[in-house]
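**Q** Here is a sequence with its predicted model. Questions after.
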Amino acid sequence: MKKIIKYIIKTILILIRNIFKILPISNDNKKNIKIKLVMYIIKLKSFIDPDNIIYNFIKTKELSEKEILLLSNYNDYINGLFDIGKKSNDFVEYKKNNISITEEDIKLITYYLPQFHTFPENDEWWGKGFTEWTNVTKAIPHFVGHYQPHLPYDNTFYDLSNLDVMRKQVELARNYGIYGFCIHYYWFNGKRLLEKPLDNFLNSDIDFKFCINWANENWTRKWDGAEQEVLLAQKHSDEDDLACIVEICKYVRDERYIRINGKPLIIIYNSAILPDVNNTIKIWRKYCRENGIGEICITGAKTFPTEDPLIYDFDEAVEFPPHFLWRELPCISSKKTSIHSSFAMNIYDMSDYINQKQYFNNKPERIYRCVFPNWDNTPRRGNEGFLFQLDLSQYKNWLSDIMKHTKENRKQGDRLVFINSWNEWAEGAHLEPDRRYGYAYLQATAEILMENNEY
């Protein structure tokens, strides 16, 4: 009987919380109402958990309303810590799919980060043994209900210097309908970083499509390409542009390289940082024409501050969300319950953007579309991070709409949809399975793909 009562009380509390969130009143009024409700909620929670130290402390002390609210928030935050690693209601186990892609079909390409291995520069800049997993595993929730850390399913903290890891990734990606990886490529005036996974892949027999995104920003301590605390700078010149395309072409010549109607697809991440974008493009085209590559499909990413890359001489443009998204979304940071006195996160709600299909508003006429499953860079930026809030169903709706739009507006052989990303774990943007959702995002991706490719 007591279990039934507990269940009823919990259900009532969830209902109250959900109603409270949508009340059409100001945040100040909500805070005043919340303080008054807290004591009643404490009585209910004390019945559910009579041994809870915080609730019993609140009941027996004469505390101010602010102190009561703060202690209640601490209790909710601590309870959330015990939920880290628990499976959500959307959790999905691995499922074997049977997906094959034809030229008529939509082709899903996921951005791919090759940062999950050690190399000397990272040892110097961040400490010996640093990889992206270092950021991922140190992440903490910054407000009540914040999903952090994102931890890989089955504790697979892999090392990308091991070619067998990439074999398993490819097997997993293919099973869920991913056509290829767009691997971030790091070139700094003749110096390469993170090249080992890509070079291992190139020299392997792994049968999987790939292309390159030249991540041509400065390498900085804040991971944002800004000018502050530059660790490795870009110094662009005609000579460097030529040397860069010569190096890239050793990948382009591979038969697995992704081509658009026969043209190798090469992406430039930040065109604005180049002193003369059109001249860089000219140098690249000339070299490829004169050295057996032929025509190439040079594509500019829609990254800040370049909202329309097609103002330059690119063949195509590609989205790279969440760039520019913050201008279209409501910031809901003030609605979150943080226990930090210096809480400075920027949290954006994607609900209206997706429900109202705002992703079709004011886009360049010719652009490859891109979606992401989640995005949260607090593992890198801590309490100053950015979070773009959406759930699994919203991801599915977004991806489905973009696929339908691509099928209707792109010709056969040119129906590409990008996903950010396969493995950006420190930005919360990963299709790879985690402990909370398992393979849910991969399975959702596969199902939407099969629906649009008429399986």
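**A** Happy to help now that I have it.

**Q** For the stretch 51-200 of the chain, which segments count as helices?
**A** Taking DSSP state H, counting those that start in this stretch as the test, the helices found in the stretch 51-200 of the chain are 53-60, 65-81, 120-126, 132-138, 163-175, 195-202.

**Q** Residue 454: which of these is closest?
**A** Go through the helices of the stretch 51-200 of the chain one by one with Cβ to Cβ and the one that ends up closest to residue 454 is helix 163-175, at 19.3 Å. Placement of C-beta: from N, CA and C, glycine included.

**Q** Which positions in the closest one come out as buried?
**A** By neighbour count, with 16 or more other Cβ atoms under 10 Å as the criterion, the buried positions of helix 163-175 are 163, 165-166, 169-170, 172-175.

**Q** Bridge partners for the residue nearest the centre of the chain, pull those for me.
**A** Nearest to the centroid of the C-alpha atoms of the chain, with distances taken as Cα atoms, centre = their mean, sits residue 429, at 2.1 Å. Residue 429 has the following beta-bridge partners by DSSP bridges: residue 424.

**Q** residues in contact with it?
**A** With Cβ atoms under 8 Å, 6 or more residues apart in numbering as the criterion, the residues that contact residue 429 are 372-376, 420-421.

**Q** so of these, which ones are in strands?
**A** For the contacts of residue 429, the ones inside strands are 375-376, with DSSP state E as the criterion.

**Q** neighbour-wise, which of the contacts of residue 429 leads?
**A** Neighbour counts for those were taken using other Cβ atoms under 10 Å; the highest belongs to residue 372, with 28 neighbours.

**Q** how far away is that residue from residue 432?
**A** Between residue 372 and residue 432 the distance is 13 Å, computed by Cβ to Cβ, to the nearest Å.

**Q** same check, this time on residue 231
**A** 27 Å.

**Q** Neighbour count: these two, which is higher?
**A** More crowded of residue 231 and residue 432, by other Cβ under 10 Å: residue 432, with 21 against 15.

**Q** and that one, helix, strand or coil?
**A** Reduced to three states with DSSP: H, G, I helix; E, B strand; the rest coil, the structure at residue 432 is coil.

**Q** List the contacts of the nearest residue to it once chain neighbours are set aside.
**A** Computed as Cβ to Cβ, 6 or more residues apart in numbering, the closest residue to residue 432 that is not its neighbour in sequence is residue 423, at 5.3 Å. Residue 423 makes contact with 112-113, 116, 169, 430-432, according to Cβ under 8 Å, 6+ apart.

**Q** TSV for those residues, including pLDDT?
**A** Supplementary listing: those in TSV, determined by pLDDT from 0 to 100:
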residue	pLDDT
112	98
113	97
116	96
169	98
430	98
431	98
432	98
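
**Q** Which of these sits closest to residue 255?
**A** residue 112 (19.0 Å).

**Q** Can you give me the distance of the residue nearest to the centre of the chain to residue 423?
**A** In this structure, residue 429 and residue 423 are separated by 9 Å, where distance is defined by Cβ to Cβ.

**Q** Please apply the same query to residue 269.
**A** Per Cβ to Cβ, residue 269 is found 17 Å from residue 423.

**Q** now do residue 373
**A** Note on residue 373: its distance to residue 423, by Cβ to Cβ, is 12 Å.

**Q** Same question for residue 253.
**A** Separation of residue 253 from residue 423 (Cβ to Cβ) stands at 26 Å.

**Q** Repeat that for residue 316.
**A** Taken as Cβ to Cβ, the span from residue 316 to residue 423 is 24 Å.

**Q** May I have the distance across stretch 347-360, first residue to last?
**A** In terms of Cα to Cα, to the nearest Å, the two terminal residues of stretch 347-360 are separated by 22 Å.

**Q** Pull the residues that contact that stretch.
**A** Here stretch 347-360 makes contact (Cβ under 8 Å, 6+ apart) with 322, 325-326, 328-333, 336, 369, 386-390, 394, 397-398, 401-402, 405.

**Q** picking that back up, could you find which two of the contacts of residue 423 are furthest from each other?
**A** Taking every pair in the contacts of residue 423 and measuring Cβ to Cβ, the maximum separation is 14.8 Å, between 116 and 431.

**Q** More neighbours: which of the two?
**A** For residue 116 versus residue 431, neighbours defined as other Cβ under 10 Å are more numerous around residue 431 (25 against 20).

**Q** check contacts around residue 109.
**A** If a contact means Cβ under 8 Å, 6+ apart, then residue 109 has 178-182, 209, 211, 258, 416-419 as its contacts.
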